[in-house]
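Undergrad: Predicted model and sequence below, questions to follow.
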Amino acid sequence: GNSVTQMEGPVTLSEEAFLTINCTYTATGYPSLFWYVQYPGEGLQLLLKATKADDKGSNKGFEATYRKETTSFHLEKGSVQVSDSAVYFCALSDHSGGGADGLTFGKGTHLIIQP
Amino acid sequence: DAGITQSPRHKVTETGTPVTLRCHQTENHRYMYWYRQDPGHGLRLIHYSYGVKDTDKGEVSDGYSVSRSKTEDFLLTLESATSSQTSVYFCAITGDRNTGELFFGEGSRLTVL
């Protein structure tokens, strides 16, 4: 079956530090890949996505590249801010159910940015 | 704003009581989902629906039932709540069926004492 593995936190960084959150996946076929962000007390928001190999998703200074050869979708940001403190989820959709089967999520990475 | 509302947002109940969570959407989407979020487990799919009266089980469906009598409403029922069902429950709708992207509601926090 499908699975997503991501580093579990908490990950604590200082403001303006470089961020990498690793994500690897196992899936049949050619999945779409996503990063979602959850701020305290809120639901999940889509941060970025990529739908085919070598695609780069980007949003709010965050980037992730779909690497089929390493089955990875690592999240990066060059200079983090305190406001980036949140839980980040990597997820995939394998389309085998015609889009009906929902997303498979990693366990989430809690990111804490200190001033 | 994807037009999803969940109710209640917070509920405390006792073991053995029935509980129903409601998800309401204004987007006329065909697909709707219920997930639960627990520390160390991420989000896990409970049930989903692909149309009125059409539902299917997800990864963690034991102890839960769902109903969808109208396109806009998807109900999750715990027939007899247990402490292991203490969780945050999220409803979602499909934002883009081509990619599988989902839009999420704000969550319902359920505590079973």
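TA: Perfect, thanks for sending it.
Undergrad: quick one: B:H10 and B:G107 touch, right?
TA: No - in this structure, B:H10 is not within contact of B:G107 by C-beta atoms under 8 Å, at 9.5 Å. The way it works is simple: take the backbone N, C-alpha and C, and place the C-beta from them, glycine included.
Undergrad: the more surrounded of those two?
TA: B:G107 (22 against 11; other C-beta atoms under 10 Å in any protein chain shown).
Undergrad: show me the residues around the more buried one that make contact.
TA: A:E42, A:G43, B:Q6, B:R9, B:Q37, B:V88, B:Y89, B:F90 (C-beta atoms under 8 Å, 6 or more residues apart in numbering or on different chains).
Undergrad: Give the ChimeraX command for selecting the buried subset of those.
TA: What follows is the ChimeraX syntax selecting those of these that are buried according to 16 or more other C-beta atoms under 10 Å in any protein chain shown:
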select /A:43 /B:6,37,88,89,90
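Undergrad: need the contacts of B:G107 in CSV with pLDDT and distance to A:A50, can you?
TA: CSV is the format used below for these (pLDDT from 0 to 100; distance: C-beta to C-beta, whole Å):
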residue, pLDDT, distance to A:A50
A:E42, 88, 24
A:G43, 90, 22
B:Q6, 97, 29
B:R9, 96, 33
B:Q37, 95, 24
B:V88, 97, 27
B:Y89, 98, 28
B:F90, 97, 23
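Undergrad: Tell me the one among the contacts of B:G107 nearest to B:Q25.
TA: Of all the contacts of B:G107, B:Q25 sits closest to B:Q6, with 10.1 Å by C-beta to C-beta.
Undergrad: Extract the residue ranges of the chain that are flagged as low pLDDT.
TA: Since no chain was named, I'll use chain A. A:95-100 (pLDDT under 70).
Undergrad: that's the wrong chain, I wanted chain B
TA: Within chain B, the stretches with pLDDT under 70 are B:1-2.
Undergrad: Please enumerate the helices of it.
TA: Under the criterion DSSP state H, chain B carries no helices.
Undergrad: residues touching the residue in chain A that chain B sits nearest to, list them.
TA: Proximity of chain A to chain B (C-beta to the nearest C-beta) peaks at A:S93, 2.6 Å away. Listed by C-beta under 8 Å, 6+ apart, the contact set of A:S93 reads A:P31, A:S32, A:F34, A:G99, A:D101, A:G102, A:L103, A:T104, B:T99, B:G100, B:E101.
Undergrad: Equivalent analysis for A:G106, please.
TA: A:V4, A:T5, A:Q6, A:C23, A:F89, A:C90, A:A91, B:G42.
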